[in-house]
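K.L.:
how would this look folded up:
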Amino acid sequence: AMAVMLIGNVTAIGIYRLQHPERFEVITPLIRYYQTNRRPGDTLYLYYGAAFAFDYYAKRFGIRNDEYIKGVERTSDLIVYRQDLQKLDGKPRVWVLFSHIYNWKDGDEEAYFVRQLDRLGVRTDELRTDGASLYLYDLSH
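P.N.:
You can find the predicted model right below:
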């Protein structure tokens with residue numbers, strides 16, 4: 001009976017992991033890329049899902065808290081996101097870092113943010129890693 005319970009538990013965990021694989025969001029190469037390519041006056045905007053991991057790595061990379069903007073927390077009202085991004089309007093170089101993306105039934109928040117940013121300005125650079133991405137925009141019009 002004990003063996004059956006043990007095997008049953010391991011099997012159940014295995015099936016769960018197959019259905020819900022672990023995702024890893026690798027942001028350190030993106031932070032390195034940002035540091036290598038940023039210029040004085042650049043703005044770094046963090047999607048709220050990226051903020052926790054970025055805070056951890058920022059200290060290791062010597063990035064101060066006042067060097068980046070944390071986006072608003074998850075909301076069901078997409079207008080709040082649009083208003084948050086409007087604060088970046090007019091800036092010539094805005095880096096936007098995404099990880100830990102919230103997915104909806106019809107899409108995900110990164111896709112929504114990118115559509116909004118593409119309306120506000122011009123995407124000039126982009127880099128992706130497993131589960132994370134970094135964009136550079138010119139929002140100066």
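K.L.:
what's the least confident helix or strand in the protein, going by average pLDDT?
P.N.:
helix 2-19 (a mean of 69; mean pLDDT, DSSP states H and E).
K.L.:
so after that one, what's the next helix or strand?
P.N.:
Sequence order places helix 28-37 as the next helix or strand after helix 2-19, per DSSP states H and E.
K.L.:
which residues are contacting stretch 35-54?
P.N.:
If you take C-beta atoms under 8 Å, 6 or more residues apart in numbering as the criterion, stretch 35-54 is touched by 25, 27, 31, 34, 61, 63, 67-74, 85, 88, 91-102, 109-110, 113, 125, 132, 136. Glycine gets a C-beta too; all of them are placed from N, C-alpha and C.
K.L.:
Repeat that for stretch 127-138.
P.N.:
Contacts for stretch 127-138 (C-beta under 8 Å, 6+ apart): 23-27, 29-30, 33-34, 37, 50, 88, 92-101, 110, 114, 117, 120-126.
K.L.:
What backbone torsions are found at the most centrally placed residue in the chain?
P.N.:
The residue lying closest to the centre of the chain (C-alpha atoms, centre = their mean) is F98, at 1.4 Å. Dihedral pair for F98: phi -120, psi 140, per degrees, to the nearest 10.
K.L.:
next one: Y48
P.N.:
phi -60, psi -30.
K.L.:
just the buried members of the contacts of stretch 35-54?
P.N.:
25, 27, 31, 34, 63, 68, 70-71, 85, 88, 91, 93-101, 109-110, 113, 132, 136 (16 or more other C-beta atoms under 10 Å).
K.L.:
Which of those residues fall within helices?
P.N.:
If you go by DSSP state H, the buried ones among the contacts of stretch 35-54 have 31, 34, 85, 109-110, 113 in helices.
K.L.:
Can I get the residues you listed in JSON lines including pLDDT and distance to G8?
P.N.:
Listed next are those as JSON lines, based on pLDDT from 0 to 100; distance: C-beta to C-beta, whole Å:
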{"residue": "I31", "pLDDT": "96", "distance to G8": "43"}
{"residue": "Y34", "pLDDT": "97", "distance to G8": "47"}
{"residue": "L85", "pLDDT": "95", "distance to G8": "49"}
{"residue": "E109", "pLDDT": "92", "distance to G8": "38"}
{"residue": "E110", "pLDDT": "94", "distance to G8": "38"}
{"residue": "F113", "pLDDT": "95", "distance to G8": "43"}
